[in-house]
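Q: below is the structure, and that's it, no one-letter string:
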């Protein structure tokens, strides 16, 4: 049976009353094509069903994926518009689409759908950017994650420190630890109780000091307070003792000890190392 013949049958079906053949039988056929990766046939059937069925939210994800496999993004945008007109939450449609995209290894279709919505419906830009940020971060696409984070930060959102933390982690993942430290310092200047920033910085100073001891070094490279934004992050060499003291300042607070019990062991180790540095000084007095 040729594809042309199948599509002709589908067009004929669409001219009939939708209840004649029954929605369930049609959906079973669509699922068969979808599972066999016969995307054009699946897309044509889903398109008919979606335009007739008004309340089945489960139809949108396979319809979007099948259309994307056919590179038919105009059809995808029409599905988004249909869902909005029917009062179906966009968040639900996109979440189900993401889940199916992950299952079928079609994450490019999900990403392109988000970009399409942002282009066609610019009033949803902030919402879509946040979805893109979450998507890129979870997929470890760090470069795009940083770019989207910057775009969101420009609008000074209420959750700006949360976005900055994600940006810093992405920077750290690509090996740009210096920039990551600078961003985390900025986070603490806005929100001194940020657990994520305190853990990041405290662990950095603690691990750096510990590694320096292991390597037999006597200095640790630590960031100074930031000057003007254009100056970037400046660094100074300091002794291991000062690095440990700084790590303790970031980590040894009640709300971190209570919410992250494992930190207590790190603090104890830091205290032991600090005591080892202080012991000779005390003995000379």
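A: Perfect, I can see it now. These numbers come from a predicted model, not from an experiment.
Q: flag the shaky bits of the stretch 51-200 of the chain, pLDDT-wise.
A: Within the stretch 51-200 of the chain, the stretches falling below the threshold (pLDDT under 70) are 54-55.
Q: where along it do the helices fall?
A: Per DSSP state H, counting those that start in this stretch, the stretch 51-200 of the chain carries helices over the ranges 60-69, 73-85, 90-103, 107-120, 125-138, 142-153, 160-173, 177-190, 195-215.
Q: could you redo these as TSV and give each row mean neighbour count and distance to residue 265?
A: Every residue, glycine included, has its C-beta placed from N, CA and C. Shown next, in TSV, are these (neighbours: other CB atoms under 10 Å; distance: least, CB to CB, whole Å):
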stretch	mean neighbour count	distance to residue 265
helix 60-69	25	45
helix 73-85	17	50
helix 90-103	17	36
helix 107-120	17	38
helix 125-138	18	28
helix 142-153	18	30
helix 160-173	21	23
helix 177-190	19	22
helix 195-215	19	11
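Q: turn these into TSV, including distance to residue 256.
A: Converted to TSV, those look like this (distance: least, CB to CB, whole Å):
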stretch	distance to residue 256
helix 60-69	40
helix 73-85	43
helix 90-103	32
helix 107-120	35
helix 125-138	23
helix 142-153	24
helix 160-173	15
helix 177-190	13
helix 195-215	6
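Q: out of those, nearest to residue 30?
A: helix 60-69 (7.2 Å; CB to CB).
Q: which residues touch that closest one?
A: If you take CB atoms under 8 Å, 6 or more residues apart in numbering as the criterion, helix 60-69 is touched by 30-31, 34, 37, 39, 42-43, 46-47, 49-50, 73, 75-76, 79, 83, 88, 93, 96-97, 99-101, 104, 106, 108-109, 112-113.
Q: just stretch 84-100 next, same as before
A: Applying CB under 8 Å, 6+ apart, the external contacts of stretch 84-100 come out as 54-55, 57-58, 60-62, 64-65, 80, 83, 106-107, 109-110, 113-114, 117, 124, 127, 131, 135.
Q: how about 7 Å then?
A: Contacts with stretch 84-100, where a contact means CB atoms under 7 Å, 6 or more residues apart in numbering, come from 54, 57, 60-62, 64-65, 83, 110, 113, 131.
Q: now flag whichever of those is closest to residue 151.
A: residue 131 (12.7 Å).
Q: picking that back up, out of the helices of the stretch 51-200 of the chain, flag the one nearest residue 272.
A: Nearest of those to residue 272, taken as CB to CB: helix 195-215 at 11.4 Å.
Q: so which elements touch that closest one?
A: Contacts defined by 3 or more CB pairs under 7 Å, 6 or more residues apart in numbering; DSSP states H and E place helix 195-215 against helix 160-173, helix 177-190, strand 219-223, helix 240-251, helix 254-259.
Q: what residues are up against residue 187?
A: Contacts of residue 187 by CB under 7 Å, 6+ apart are 161, 164-165, 194, 197.
Q: what would those residues look like in JSON lines with distance to residue 207?
A: Output for the contacts of residue 187, formatted as JSON lines (distance: CB to CB, whole Å):
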{"residue": "161", "distance to residue 207": "23"}
{"residue": "164", "distance to residue 207": "21"}
{"residue": "165", "distance to residue 207": "18"}
{"residue": "194", "distance to residue 207": "19"}
{"residue": "197", "distance to residue 207": "16"}
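Q: circling back to that earlier point, now tabulate the helices and strands packed on helix 195-215 in TSV and tack on distance to residue 209.
A: Shown next, in TSV, are those (distance: least, CB to CB, whole Å):
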stretch	distance to residue 209
helix 160-173	18
helix 177-190	14
strand 219-223	5
helix 240-251	4
helix 254-259	18
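Q: ok, which of these comes nearest residue 142?
A: Closest approach to residue 142 among these (CB to CB): helix 160-173, 4.1 Å.
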